[in-house]
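1. sequence first, then the predicted structure, then my questions.
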Amino acid sequence: MDPIVSAGLLGSLLAGMATGIGAIPVLFMPKPSDGQQNLLLGFAAGVMLAASFFSLILPGIEFAREAGASRFMASAQIVAAVLLGGLAIAKLNDWLPPLDRIGVGPPGIASASVRRIWLFVAAITLHNFPEGMAVGVSFGSGDMDQGRVTALGIGLQNIPEGLAVAVALGSIGYRRAHAVAIAALSGLVEPLAGAIGVTLVSVAHAFLPWGLGLAAGAMIHVVASDIIPDAHHRIKGGGRVTTGLMIGLGAMMFLDTTLG
């Protein structure tokens, strides 16, 4: 195998595995109360919002500019992609059957809550795809140092995202080991996307702005329409959900702006 392709596959695999590493603390956390669950869900929502803007929207505009788009067209392209991503996740929510009918989710948990959390997991998984492709494109350009830096940055950013997925699944009654395993699986789309990026650099580079924008729109929609309202439904006023959101937002923003 070509050494550049091998490096791209390995880099995107390691970045994806960081999602599972981030979920590991859930194995040792005691069962949270409703208030603590809202704090953790708020943290997950903050991570998603920061990632949407700093990991997806702003890099998407940069990729579009690098592809030759003007500032106006690059911004318009990402706005269109964000709106399409939000619309797609909304339609997915409408089309999904009640998940308890197909055996998804722990027994005794309302189907609506299970649906919300699985949309959250779907949005995180979707956003991992263009990130993995970005790693592959970085290696595929032939600049190995840039590829390693990109893989390291995305891998470190994936750690709080893995924690967010596991926490969200734990909030609807999934066993800790299952929550961690699903979080790890959500990151393993990255090596698949990395393989596409490193072998089809020009095609992947053209798709990246759209992929990043679509993922951002999906994540923002899930936070606004599902995660935050669900937290307020659990406890009147939301409890400490806003505190968790600000902590998650700040932590992810710091990682994105220092490592991006």
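-> Sure, I can see it.
2. any buried residues in stretch 253-260, and which?
-> Judged by neighbour count (16 or more other CB atoms under 10 Å), stretch 253-260 contains these buried residues: 253, 255, 256. (C-beta placed from N, C-alpha, C; glycine too.)
3. between those residues, which sits nearest residue 136?
-> Checking the buried residues of stretch 253-260 against residue 136 by CB to CB gives residue 256 as the nearest, at 19.7 Å.
4. tell me what the one helix or strand residue 133 maps to is packed against?
-> Secondary structure from DSSP states H and E places residue 133 in helix 111-140. Contact partners of helix 111-140 among helices and strands, from 3 or more CB pairs under 8 Å, 6 or more residues apart in numbering; DSSP states H and E: helix 3-23, helix 34-50, helix 71-95, helix 144-170, helix 176-187, helix 189-199, helix 201-222.
5. chain center to the worst-scoring helix or strand of the chain on mean pLDDT: distance?
-> Across the helices and strands of the chain, mean confidence by mean pLDDT, DSSP states H and E is lowest for helix 228-234: a mean of 78. On the basis of CA atoms, centre = their mean, to the nearest Å, helix 228-234 sits 20 Å off its chain's mean C-alpha point.
6. can you check stretch 85-92 too?
-> Averaged C-alpha coordinates place stretch 85-92 at 15 Å from its chain's average position (CA atoms, centre = their mean).
7. and stretch 136-145, by the same measure?
-> The chain centre lies 22 Å from the centre of stretch 136-145; the measure is CA atoms, centre = their mean.
8. buried set for that stretch?
-> Taking 16+ other CB under 10 Å as the criterion, stretch 136-145 shows 136, 137, 138, 139, 140, 141 as buried.
9. please apply the same query to stretch 218-230.
-> 218, 219, 220, 221, 222, 223, 225, 226, 227, 228, 230.
10. dump those to a markdown table, plus distance to residue 181.
-> Putting these into a markdown table (distance: CB to CB, whole Å) gives the following:
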| residue | distance to residue 181 |
| --- | --- |
| 218 | 23 |
| 219 | 22 |
| 220 | 27 |
| 221 | 26 |
| 222 | 21 |
| 223 | 24 |
| 225 | 27 |
| 226 | 23 |
| 227 | 21 |
| 228 | 27 |
| 230 | 23 |
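11. just to revisit the earlier point, any idea of the mean pLDDT for the helix holding residue 133?
-> Mean pLDDT, taken over the full extent of helix 111-140, equals 82.
12. tell me what angle that helix forms with helix 201-222.
-> Relative orientation of helix 111-140 with respect to helix 201-222: 150 degrees, computed using axes from the mean of the first three to the mean of the last three CA atoms, to 10 degrees.
13. run the chain-centre distance for helix 111-140.
-> Between the centre of helix 111-140 and the centre of its host chain there is 4 Å, according to CA atoms, centre = their mean.
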